[in-house]
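# using only what follows, build the 3D model:
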Amino acid sequence: MKYFQVSRLADHVLLHAMTELVSRDRSNLAELLAHLAEFDARQLYRPAAYPSMYQYCVGVLRMSEDAAFKRIQAARAAREHPAIFAMVEDGRLTLTAVVLLAPHLTRANAEELLAAGALKTKAEIAVLLAERFPQPNLVTLVQPVAPVSGACQLVPEPVGMTSPGHAPAAAAAVFPRLVPEPVAPAPPAKVTPLAPSRFALQVTIGQGTHDKLRRAKELLAHTVRSGDVAEVLDRALDALIEKLERRRCAATDRPRARRSAANGRHIPADVKREVTRRDGDRCTFVSESGRRCEERGRMEYDHVVPVARGGRSTVANLRLRCRAHNQHEADRVFGKGFMDGKRHASWTRAGSQAESDADRDFVQCLRELKYRPDEIRRAREHCPAVPGEPLEASVRRALQYLAPASARRVTCVPGNTNTL
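Predicted coordinates:
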C-alpha cells in the first residue's frame, strides 16, 4: 500500500518519480517482448496445454485480449528486427507504433521505416504508412445499419390511474414508459489515411442526419451533379466553419468600426479577430522547457493583467489559452485555494439552478396530470429530488405515492415488467 500513498509528495518529487517509473516501464516492456518472442519461438505454451501463444497469455499471464495481441505482434516483429527492442526501451517507439509498423517491415526497409516512425504518434504513423503504402479509395456507401435487440427507447403510454379527475390521456402526454425496441449500437467514427491527402471516413449517422445529407445533395444538385457525398460534406464543413469562426472569433470579410470600448470583460470584435490571428488560433501557454501547448479546441481569451487588477480588453493584454491553461494561470495569479473556492461556489450555483429547473419540470408534469397544488407539495415533500435522477423516474415515484394502491400499475406490453 505504501507505493500508492503519494498525495503528500512534493511536486518535484512526484515529477521525478513518475519519470523514473515511465523509464522503468519501457525497459520492462522491452524485456517482456524479448521473453515473449523466445517463449513463442520455443512453443512452450504447448506443454502448458494451450494451443497458441495468445491463449497462453490470456489464460496464464492474465493479459487482456487486446494487450496479449499487441504484445505478441510486437514480440514477433522485434525478434525479426531486433532494433525494435532498443527503440522501445528508450521510448522512440511505443507498443502501438510497433504493431502498426510490423506488417510493413521487411529486411530491406526495416531500418529506414523504423527510423521514420520514431517519436511519432499513432495518427502520424497512420499518415506515414498511407504515404509509403497507399490504399485505393473506398466506395462511397450510405446504407441502413442492421438493428440488434436489447436497447430501449421512450414511448408514450397511458397510466392506469382511476382516481377522480386524473385523466389517463393527460398522463400519456407527459409520462413515458420504457419498452424494449431494437436499436443498433453505433460504432465509433473512424478516419483512416489511405494515401497522401486522401482519407477514409466511416461514421454511423441517425435518421435526421441522413435526411439532412439527402436534402443537401438535392440543393447542390445543380453544382455537384454527381451527388458526391465527399464534396457535399466538404461544402457543408466550409459553411459550418465559417459560421463558427464568425460567432466565436468574430471573423468577417467586412469588419465594422469599433462600436464599444475595451472596458471590463467585454472584448470588442476587432480585438478578438486580431488576437486570434496573432496567436494562430492556438493556446499560447509555454512550459519552462520551451514547449508550447498544441491545443486548438475550446480556446478562451485570457487577460495578461487580470480585469480584477485593472487589466483591459486590448490586443496587447489578451492571449489565447485553452481552458486548462486559463485555469492554471488563474491558480498561479490568485492562488489555487482561492480559485477552488470560486469554482466550488460556481458549481454550487449551477447545481442549484439545475435543481430548480428540474423541480419546475416536476411540478409542471403533475399540474398537467390535474393534481392540486397541495397534492404536488406533499408529493415533493415525501419524494425529494435525487441528484441526477431522470424526470420520468421522479414523476413515477410521485405517482406511486399519490395514486391509490389499486391504480399503482401501468399497462405493460409482453416481456415488459415495468410497474409503479
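# please report how far residue 380 lies from residue 358.
11 Å (Cβ to Cβ, to the nearest Å). Just so you know, the C-beta spots here come from the backbone N, C-alpha and C atoms, and that holds for glycine as well.
# gap between the two ends of stretch 55-70?
Distance between the two ends of stretch 55-70: 13 Å, counting by Cα to Cα, to the nearest Å.
# how far is it from where the chain is centred?
27 Å (Cα atoms, centre = their mean, to the nearest Å).
# repeat for stretch 361-371
36 Å.
# got the buried residues for that stretch?
Neighbour-count burial for stretch 361-371 flags 362, 363, 365, 366, 369, 371 (criterion: 16 or more other Cβ atoms under 10 Å).
# just stretch 37-52 next, same as before
For stretch 37-52, using 16+ other Cβ under 10 Å, the buried residues are 37, 39, 40, 45, 50.
# right, and the second one touches residue 45 too?
Yes. Taking Cβ atoms under 8 Å as the definition, residue 39 is a contact partner of residue 45 at 7.3 Å.
# name the residues contacting each of the two.
residue 53 (Cβ atoms under 8 Å, 6 or more residues apart in numbering).
# what's the weakest-modelled helix or strand in the chain?
Counting by mean pLDDT, DSSP states H and E, the chain has its least confident helix or strand at strand 152-156, which shows a mean of 39.
# which SS class is residue 138?
coil (DSSP: H, G, I helix; E, B strand; the rest coil).
# which residue sits closest to it, ignoring its sequence neighbours?
Of all residues not flanking residue 138 in the chain, residue 200 sits nearest, at 4.7 Å (Cβ to Cβ, 6 or more residues apart in numbering).
# you'd agree that neighbour is in a strand?
Yes. Counting by three-state DSSP, residue 200 is found in a strand.
# per-residue pLDDT, it?
With respect to pLDDT, residue 200 scores 85.
# tell me the bridge partners for it.
residue 192 (DSSP bridges).
# neighbours around it, how many?
For residue 200, the count of nearby residues is 14 (other Cβ atoms under 10 Å).
# then residue 332?
There are 10 residues near residue 332, going by other Cβ under 10 Å.
# for it, helix, strand, or coil?
Assigned by three-state DSSP, the conformation of residue 332 is helix.
# pretty sure residue 293 contacts residue 320?
No. Checked against Cβ under 8 Å, the pair residue 293 and residue 320 is beyond contact range at 9.8 Å.
# mutual contacts of those two, please.
Common neighbours of residue 293 and residue 320 (Cβ under 8 Å, 6+ apart) are 282, 283, 284.
# element containing the first one, please.
When elements are assigned from DSSP states H and E, residue 282 belongs to no helix and no strand.
# how close does it get to residue 80?
From residue 282 across to residue 80, the span is 41 Å (Cβ to Cβ).
# who's more crowded, these two?
The neighbour count for residue 282 versus residue 80, taken as other Cβ under 10 Å, is higher for residue 282 (17 against 14).
# for that one, phi and psi?
In this entry, residue 282 is assigned phi and psi values of phi -150, psi 150 (degrees, to the nearest 10).
# do the same with residue 250
When read as degrees, to the nearest 10, the backbone of residue 250 gives phi 60, psi 30.
# residue contacts, it?
Contacts of residue 250 by Cβ under 8 Å, 6+ apart are 269, 270, 272, 273, 276.
# how about it, nearest residue that isn't a chain neighbour?
residue 269 (3.6 Å).
# tell me the phi and psi of that neighbour?
The phi/psi pair for residue 269 (degrees, to the nearest 10) is phi -60, psi -40.
# only the buried residues of stretch 85-101, if you could.
85, 87-89, 92-95, 97-101.
# hmm, which two among those are most spread apart?
In terms of Cβ to Cβ, those reach their longest pairwise distance at 89 and 100, which sit 18.6 Å apart.
# for residue 71, grab the count of nearby residues.
Around residue 71 there are 23 other residues, counting by other Cβ under 10 Å.
# any idea how far residue 207 is from it?
Counting by Cβ to Cβ, the gap from residue 71 to residue 207 is 42 Å.
# wait, what's in contact with residue 305?
311, 312, 317.
# show me the strands in the stretch 101-250 of the chain, by range?
Using DSSP state E, counting those that start in this stretch, the strands of the stretch 101-250 of the chain run over 152-156, 176-180, 190-195, 198-202.
# who does the third one touch, helix- and strand-wise?
Think strand 190-195. On a contact count with 3 or more Cβ pairs under 8 Å, 6 or more residues apart in numbering; DSSP states H and E, strand 190-195 meets helix 122-132, strand 198-202.
# please work out which of the ones you listed is packed deepest.
Looking across those with neighbours counted as mean count of other Cβ atoms under 10 Å, the highest average goes to helix 122-132: a mean of 16.
# what distance do you get for residue 337 to residue 107?
Taking Cβ to Cβ, one finds residue 337 at 60 Å from residue 107.
# again but with residue 325, I slipped
From residue 325 to residue 107 the distance is 46 Å (Cβ to Cβ).
# please apply the same query to residue 374.
86 Å.
# which ones among the buried residues of stretch 37-52 lie within helices?
37, 39, 40 (DSSP state H).
# these two touch, right, residue 251 and residue 245?
Yes. In this structure residue 251 lies within contact range of residue 245 using Cβ under 8 Å: 3.9 Å.
# neighbour count winner among these two?
More crowded of residue 251 and residue 245, by other Cβ under 10 Å: residue 251, with 19 against 15.
# what about that one, which SS state?
coil.
# go on, the one 4 residues further on?
Using three-state DSSP, the three-state assignment for residue 255 comes out as coil.
# separation between residue 366 and residue 373?
9 Å.
# over to residue 65?
The separation that residue 65 has from residue 373, given Cβ to Cβ, amounts to 58 Å.
# going by distance to residue 134, which of the contacts of residue 305 wins?
Checking these against residue 134 by Cβ to Cβ gives residue 317 as the nearest, at 48.6 Å.
# shouldn't the closest one be in contact with residue 303?
Yes. Here residue 317 lies in contact with residue 303, judged by Cβ under 8 Å, at a distance of 5.8 Å.
# which residues do these two both contact?
With Cβ under 8 Å, 6+ apart, residue 317 and residue 303 have common neighbours residue 311.
# between the two, who's got more neighbours?
The residue with more neighbours, out of residue 317 and residue 303, is residue 303; 22 against 18, by other Cβ under 10 Å.
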